[in-house]
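*Asks:* return a 3D structure for these sequence lines:
(2 chains)
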Amino acid sequence: MNRTTRKSAFDSVDAVLLAAGLLVLAVGQYLAFTAPPDVQQHYLIRILYVHVGAAWTAYLAFFVAMIYAVLYLWKQNPAYDRLSAASAEVGLLFMTLTLFGGMMWARPTWGVYWTWEPKLTTSAILTAFYIGYFLLRQAIEDPEFRAKAAAAAAILGVVNIPINYMSVYWWRSIHQTATFDIINRKVHMDTPMVLAMLVNLVAINIIYVLFLRLKGKVAYCAAQKEDWDE
Amino acid sequence: MRAKYLIGFLIILAAIGYLAWGGLGKSLVYYVLPSEYADNPAKYAGKRVRLGGLVKQGSVHFNPKTLELKFVVTDGVVDIPVEHTGTPPELFKDNQGVVVEGHFEGNVFKGDNLLIKHSESYQAPREGEYTPDEVRKLLEEAK
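*Replies:* Numbers count the residues shown, from 1 in each chain, chains lettered A, B, ... in the order given. This is a model prediction of the structure:
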């Protein structure tokens, strides 16, 4: 690896994203910890402020992975394949955090860490799908075949998202329906809580973009090494 | 093809298949309502069932010494008495949505797991209601 690549690995855009992400996250956390407690579950509601942000960002990351997958199939540029995989990887990270945070929230409110109800079952399928996506990538050695198979998987994976989102409306579940109801255009939440949730959502999205850029660069270096090794 | 990753991939594929056709099929009807049970009690006899509904107003009887919890689950049409052992969860109260896991014994539902279905609506306490902080303060002052 030459010096110029190493120098450009973490550039000024990344630095700005990191600073902005941490700053907005700090503001979001301040708002979350000063927001009033919920009348029913009191301070347990604070898990919501990161749970919703993590879940939405995971959806976004998987959606972006699909867009890069389509771009790859169209333009045949390996960079799009790397970015698609990078977005799926960050998405899997946020999906894992969503599951973990959700379990921490479910135990004191519902009474169990996990139950096989529709929202949770479809979340488990969504998570397993992207674990499978990375096993598929690892299993195929030919870079072009790997990229094409992965692109097909990344496009297919997005089907999980509307099913997961709509599961609380389509089927009987213990998971509450969306507080930010984009279908009926209603918000079932007090303003300070909405604000705390949205600011945290923005912070997590900035961090997602940063992670996507960094992971894309790491993947670029790895691809170069793979070329040299051959 | 790298064999061990391929095997891992196939295991995941099988797991997704199992969840989608086996698990999801079962969890799509996550709970039965009291009136659905009343329509066809024989269908649920002796089986493990999740019963969902609201805790009927004024029906809760809890014995803190024996941890016997008795209440009625209703969907507004049919009422089903539930017997459960254990401390009720924090959010358990009148008119709360609940899902009870257990089985029917005659007309009584014997619960062994009690789940709360809370709403998607979040609000700060109204004027005059106590927040936990205020309650804590009151307790401190009472000492």
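
*Asks:* chain center to stretch B:35-42, what's the gap?
*Replies:* 19 Å (C-alpha atoms, centre = their mean, to the nearest Å).

*Asks:* near chain A at all, that stretch?
*Replies:* No. Stretch B:35-42 does not reach chain A (C-beta under 8 Å from any C-beta of the partner chain); its nearest approach is 10.6 Å. Bear in mind the C-beta positions are built from the backbone N, C-alpha and C, glycine included.

*Asks:* quick one: buried residues of that stretch?
*Replies:* Neighbour-count burial for stretch B:35-42 flags B:36, B:37 (criterion: 16 or more other C-beta atoms under 10 Å in any protein chain shown).

*Asks:* contacts for that stretch?
*Replies:* B:44, B:49, B:51, B:75, B:77, B:78, B:80, B:104 (C-beta atoms under 8 Å, 6 or more residues apart in numbering or on different chains).

*Asks:* from those, which single one is nearest residue A:223?
*Replies:* For these, the minimum distance to residue A:223 (C-beta to C-beta) is 54.1 Å, reached by residue B:49.

*Asks:* what's around the closest one, how many residues?
*Replies:* As a burial measure, residue B:49 scores 19 neighbours (other C-beta atoms under 10 Å in any protein chain shown).

*Asks:* just confirm it contacts residue B:32, I think it does.
*Replies:* Yes. Contact criterion C-beta atoms under 8 Å: residue B:49 and residue B:32 qualify, at 6.1 Å.

*Asks:* what pLDDT does the spatially most central residue of chain A get?
*Replies:* The centroid of chain A falls nearest to residue A:58 when counting by C-alpha atoms, centre = their mean (1.9 Å). According to the prediction, residue A:58 has pLDDT 95.

*Asks:* may I have the secondary structure class of residue B:109?
*Replies:* With DSSP: H, G, I helix; E, B strand; the rest coil as the basis, residue B:109 sits in strand.

*Asks:* surely the residue nearest to the centre of chain A and residue A:88 touch.
*Replies:* No. Applying C-beta under 8 Å, one finds residue A:58 not in contact with residue A:88, separated by 10.2 Å.

*Asks:* now residue A:80: how far from residue A:28?
*Replies:* 32 Å (C-beta to C-beta, to the nearest Å).

*Asks:* the more surrounded of those two?
*Replies:* The neighbour comparison of residue A:80 against residue A:28 (other C-beta under 10 Å) goes to residue A:28, with 23 against 20.

*Asks:* in a helix, that's where the more buried one is, yeah?
*Replies:* Yes. Residue A:28 forms part of a helix when assessed by three-state DSSP.

*Asks:* that one and residue A:207 touch, don't they?
*Replies:* No. The criterion here is C-beta under 8 Å, and residue A:28 misses it with residue A:207 at 11.0 Å.

*Asks:* what about residue A:40, which SS state?
*Replies:* Residue A:40 - assigned by three-state DSSP - is coil.

*Asks:* tell me, how many residues neighbour it?
*Replies:* So residue A:40, with other C-beta under 10 Å, has 19 neighbours.

*Asks:* isn't residue B:95 up against residue B:53?
*Replies:* No. Contact between residue B:95 and residue B:53 fails when scored by C-beta under 8 Å: they sit 10.5 Å apart.

*Asks:* between those two, point out the one with more neighbours.
*Replies:* Between residue B:95 and residue B:53, counting by other C-beta under 10 Å, residue B:53 is the more crowded of the two (26 against 10).

*Asks:* which residue packs closest to that one, ignoring adjacent ones?
*Replies:* residue B:73 (4.1 Å; C-beta to C-beta, 6 or more residues apart in numbering or on different chains).

*Asks:* okay, now the unreliable bits of the chain?
*Replies:* Because you didn't say which chain, this covers chain A. In the predicted model of chain A, residues A:1-8, A:230 satisfy pLDDT under 70.

*Asks:* look at chain B instead
*Replies:* Residues of chain B meeting the criterion pLDDT under 70: B:1, B:23-28, B:126-135, B:137-139, B:141-143.

*Asks:* helices of that one, start to end?
*Replies:* Counting by DSSP state H, chain B has helices at residues B:3-17, B:24-27, B:34-39, B:41-44, B:132-142.

*Asks:* outline the domain layout of chain B.
*Replies:* Using automatic domain parsing, the domains assigned to chain B come out as B:1-29, B:31-117.

*Asks:* mind putting these in a markdown table, distance to residue A:21 included?
*Replies:* A markdown table is the format used below for the domains of chain B (distance: least, C-beta to C-beta, whole Å):
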| stretch | distance to residue A:21 |
| --- | --- |
| domain B:1-29 | 31 |
| domain B:31-117 | 34 |
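
*Asks:* can you tell me which of these is most buried?
*Replies:* Neighbour counts (mean count of other C-beta atoms under 10 Å in any protein chain shown) averaged over each of the domains of chain B peak at domain B:31-117, with a mean of 16.

*Asks:* coming back round to it: could you list which of the contacts of stretch B:35-42 belong to strands?
*Replies:* If you go by DSSP state E, the contacts of stretch B:35-42 have B:49, B:51, B:80, B:104 in strands.

*Asks:* excluding residues flanking it in the chain, which one is nearest the second one?
*Replies:* The spatial neighbour of residue B:51 that comes closest, neighbours along the chain excluded (C-beta to C-beta, 6+ apart), is residue B:100 at 4.9 Å.

*Asks:* beta partners of the one you found?
*Replies:* Using DSSP bridges, the bridge partners assigned to residue B:100 are residue B:51, residue B:114.
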